[in-house]
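Participant: For reference, the sequence and a predicted model appear below.
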Amino acid sequence: MTGFAVFMVLFGMAFVTLGFADHRAIWWRFQARRHTDPASAEPSDAGFLVQRLLCFAAAGLAFWGSWSSFQLDGLGQPDRAGQAEVFERTVAVADWLDGSTMFPVLASDDGSWVERVDPELRGPERDDPTAVLVWRSGSLDPEGNVEHYEVSSEDGTTCLKVTAEPSPEQPGPEGMSPSYFDVRADASEGSCTK
């Protein structure tokens, strides 16, 4: 949308420049040679005025198109999700995680599962809700852990509890740190408690 808006501004500037140009000189330079008697074929002053006004009208239309493209960009997009919508998405994420076997993103201080949770919380809003780790029972390796995430909106907070235990089916050799975990998840309204 930005490229279109910039194009429309440049297009409008070209028409403003053309509107201020001398239309009589332009006609004599480019149109007079097509006529055997150019003086009798020359448009009247009113004709040149109409051309000038049409140039300014086209410029105004281009500027309006540029401005409206920015206005339409966010028209159907709400600012943020309400509490009911955030809770509904958090429940959907919990249902998606619950009973699954997956590997975590281990290099994150924001929680082992936040990289999997945040994309699932996204919606059509400008400011998507995000999960914030508020409590962790300990390191994920080697025994698994419990992590509590809060997902907030302006109206309230939702808690997402994720419990991970090493899966009995590991892709690596025995004795190696587990890479796949069986995940259980639950969502509830309100702040997280231990």
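Facilitator: Nice, I can see it.
Participant: contacting residues for F181?
Facilitator: Counting by CB atoms under 8 Å, 6 or more residues apart in numbering, F181 makes contact with T101, M102, F103, P104, L140, G144, A164, E165, P166, S167. Where you see a C-beta, it was placed from the backbone N, CA and C, and this is true even at glycine.
Participant: worst-scoring helix or strand of this protein, pLDDT-wise?
Facilitator: helix 114-121 (a mean of 86; mean pLDDT, DSSP states H and E).
Participant: Can you tell me which helices and strands the helix or strand following that one packs against?
Facilitator: Next helix or strand after helix 114-121 toward the C-terminus (DSSP states H and E): strand 131-136. Counting contacts by 3 or more CB pairs under 8 Å, 6 or more residues apart in numbering; DSSP states H and E, strand 131-136 is packed against helix 114-121, strand 145-152.
Participant: so S188, which of the three states?
Facilitator: Put simply, S188 is strand when judged by DSSP: H, G, I helix; E, B strand; the rest coil.
Participant: how much space is there between the nearest residue to F56 once chain neighbours are set aside and R29?
Facilitator: Distances taken as CB to CB, 6 or more residues apart in numbering place G19 nearest to F56, at 4.6 Å, with adjacent residues excluded. Using CB to CB, to the nearest Å, G19 is found at 17 Å from R29.
Participant: who's more crowded, those two?
Facilitator: With neighbours defined as other CB atoms under 10 Å, G19 and R29 compare such that G19 has more, 17 against 10.
Participant: Can you pull the phi and psi angles for that one?
Facilitator: phi -70, psi -30 (degrees, to the nearest 10).
Participant: which residues of the chain fall in helices?
Facilitator: Using DSSP state H, the helices found in the chain span residues 2-20, 23-30, 38-41, 45-73, 83-97, 114-121.
Participant: To Y149, which of these lies closest?
Facilitator: helix 114-121 (6.5 Å; CB to CB).
Participant: What lies in contact with that closest one?
Facilitator: Contacting residues not belonging to helix 114-121 are listed as 86, 89-90, 92-93, 96-97, 102, 104-105, 108, 111, 128-131, 133, 149, 151, 160, 162 [CB under 8 Å, 6+ apart].
Participant: ditto for stretch 145-156
Facilitator: 80-83, 85-86, 89-90, 111-114, 117, 121, 129-139, 157-164, 189-192, 194.
Participant: Show the buried residues in the residues you listed.
Facilitator: With neighbours counted by 16 or more other CB atoms under 10 Å, these contain buried members at 81, 83, 85-86, 89-90, 111-114, 117, 121, 129, 131-134, 136, 157-164, 192.
Participant: follow-up on the earlier one: could the helices and strands packed on strand 131-136 be laid out in TSV, adding distance to R33?
Facilitator: Listed next are the helices and strands packed on strand 131-136 as TSV, based on distance: least, CB to CB, whole Å:
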stretch	distance to R33
helix 114-121	65
strand 145-152	73
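Participant: which of those is buried the deepest?
Facilitator: Neighbour counts (mean count of other CB atoms under 10 Å) averaged over each of the helices and strands packed on strand 131-136 peak at strand 145-152, with a mean of 21.
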